[in-house]
Structures are given as structure tokens and as C-alpha cells.
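Trainee: Fold the following for me, if possible:
(one chain, ligands or ions: 1)
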Amino acid sequence: MTDTPIDTTVAHTARVWNYWLGGKDNYPIDREIGDRVKELFPEITEIAVGDRLFLRRAVTYAIQEEGIRQFLDVGTGLPTANNTHEVAQALAPESHVVYVDNDPLVLTHARALLVGHEEGRTQFVGEDLRDTEAVLKAARETLDFDKPILLTLMGTMGHFEPEAAIELVKTYVDALPAGSLLAVCDGVYSGEEGDAPDENARAGMSLWQEHVAQPYIMRTLPEFSAYFDGLDLVDPGVVSVFRWRPEPSELGSIRDLPQYAGLAKKP
Ligand SMILES: C[S@@+](CC[C@H](N)C(=O)[O-])C[C@H]1O[C@@H](n2cnc3c(N)ncnc32)[C@H](O)[C@@H]1O
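Mentor: Numbering: from 1, shown residues only. Sure thing, here's the model as predicted:
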């Protein structure tokens, strides 16, 4: 279990993300760096909201379309609206949810706020996600790895080098039984194919690398799509985040942002 003190002198990803989502669990340094990145990359707050929306849609899809009742949310972040267990247990109260994050502030808040519905179970694992053995061992206390699980990795794998991230995702997916789902979203430079404001993203992320404790490396589309190799992508495939099964009422207002999402099923 991680036992690192909270460092308020350097911006931390979970806290900056919480600030962009309009939360209060952050420090002056997180707000300062958050504002500076946002000046260069104004779309970032919309992207943070898009991530949470995709999380809700992925959990809802898993429950309603696949009958899944088990969830492994790796890189949870600070508690906010529509946390995985709230979405899952509102639709299926018996759902079991395991959260994994190693940020010390996330640990403090999660233990208090990420409490489960009485019929379901919610567990928080304070481990580094790169220690896959420790994470999976802890997750087995709450999840039955003989039954399908939705693994969510939202805005998290960009913190690692592309090749290392692909290996990590593969290790987690290998541990899941057939019928499980993988949902990932992260920053992707869309190049010439989209109208995404990549230049803003490049400027914002360059400032991020200098000032935030954890690096964040935007992907190319092939690097991002590689997470789903060997799995069956669910429609509409790998798309800019707001294009993943939007509500009909949203269709006219959607724009492509350099944040991609995909959900796939393990055969
Ligand atoms: C950008 S936030 C995204 C939070 C949330 N998934 C969301 O989409 O709103 C990334 C999260 O990954 C967590 N994280 C980063 N590196 C980690 C690691 N090595 N082990 C566990 N969690 C990690 C951070 O602490 C942070 O909470």
C-alpha cells in the first residue's frame, strides 16, 4: 500500500484534473498550473468532462448490453460526480467495484467517499498500477475473475511511455476472463484526419511536462488503438471522445477534440 505524504509544492495529475472538473480537492499549485495549461489549451476542461461522460456511458453499456456486474477502475482520480460505483450500483445495486490509484490525496478521499451500496461492494486499492501483481491480487478480494469484468483506464495510461502502457494494458486484459470489456480514453493527436486543435494540445502538454509531477504523453492514433489489439471493438470503434455513443440531442453540437475513446470485448 502506498504511503506517500501529500506534496503541495508540485502540481499532481489527480488534483489538476479535479480542478478542471470544477472540484475543490486541489491546492494553489494545482490551480496555478491548471490555469496556465488551460490558457494554452482551452479545450482541456471540456475534455475532462468528456472523459467522465465516457466513463458513465461505458459502465452503462457494460451493465445494460453485456450484463456485467464487476468493475475495475484503474487510475480512479479524486471522487467527483458519477463515480463508477455510483453509476453501476444505481443501475445494478449488486455491482462490485474496485478502484485503483496511488495518489495520496485520492487515497484519503476515496476511503471516505467511495463507499458502496449495501447490496454491492466497493474496494479501494492504493497501489501503483504498474505493480500489476499487487493490484490484481488485491482486486481478487472483491472481484471474481471467472466472471466478466469491465476494466476502465480513463485519462491514465498517457502517464506512461507508449510501449510500456501497451504492455501494462495487455497484462491486465490477459488476467480477465472472456466476455470482459476494456474501456480506455486518453489524449491523442489526430493529425490531418480530424479538426482537433492539436496545436493547443501540444502547447498545453509541453507546459504540463515542465510543471506536473507525473508526465503525460499524448498518443498517435495507432498507439492508442493498439490497446484494443486482439479484442472486438464495440461500435463506433475508436473515436474522438464525444463521438462515443452520444445522446441524439448532442449530435449537432459535437466537435472532435484530441481525446479518444474506445471500448472492446475480450473474445
Ligand atoms: C488524469 S487523472 C484521471 C482520473 C479519472 N480516471 C478521470 O477520468 O476522471 C489520472 C489518474 O491516474 C492516477 N495515476 C497516475 N499514475 C498512476 C500509477 N502509477 N498508479 C496508480 N494510479 C496512477 C492519478 O493519480 C490520477 O488519479
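Trainee: what sits against whichever residue of the stretch 51-200 of the chain sits closest to the ligand?
Mentor: Using CB to the nearest ligand atom, the closest approach of the stretch 51-200 of the chain to the ligand is made by G77 at 2.6 Å. To be clear about C-beta, it is placed using only N, CA and C from the backbone, and glycine gets the same treatment. G77 is in contact with A14, W17, N18, D101, V106, M154, G155, counting by CB atoms under 8 Å, 6 or more residues apart in numbering.
Trainee: Can you lay out those residues as TSV showing neighbour count and pLDDT?
Mentor: Formatted as TSV, these follow (neighbours: other CB atoms under 10 Å; pLDDT from 0 to 100):
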residue	neighbour count	pLDDT
A14	27	96
W17	25	96
N18	25	95
D101	26	96
V106	27	93
M154	23	98
G155	25	97
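Trainee: ok, and of these, which contact the ligand?
Mentor: A14, W17, D101, V106, M154, G155 (CB under 6 Å from any ligand atom).
Trainee: Confirm the first one sits in a helix?
Mentor: Read it as A14. Yes: assessed with DSSP: H, G, I helix; E, B strand; the rest coil, A14 lies in a helix.
Trainee: distance of V238 from E127?
Mentor: 28 Å (CB to CB, to the nearest Å).
Trainee: A strand includes D7, no?
Mentor: No: the assignment for D7, made by three-state DSSP, is coil rather than a strand.
Trainee: Neighbours of the closest residue to it other than its chain neighbours, how many?
Mentor: When the adjacent residues along the chain are set aside, D7 lies closest to A213, with 7.2 Å between them (CB to CB, 6 or more residues apart in numbering). Using other CB atoms under 10 Å, A213 has 15 other residues around it.
Trainee: before we move on, the earlier item: could the ones next to the ligand among the contacts of G77 be laid out in TSV, adding secondary structure and distance to D174?
Mentor: Listed next are the ones next to the ligand among the contacts of G77 as TSV, based on DSSP: H, G, I helix; E, B strand; the rest coil; distance: CB to CB, whole Å:
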residue	secondary structure	distance to D174
A14	helix	27
W17	helix	28
D101	coil	22
V106	helix	26
M154	strand	20
G155	coil	23
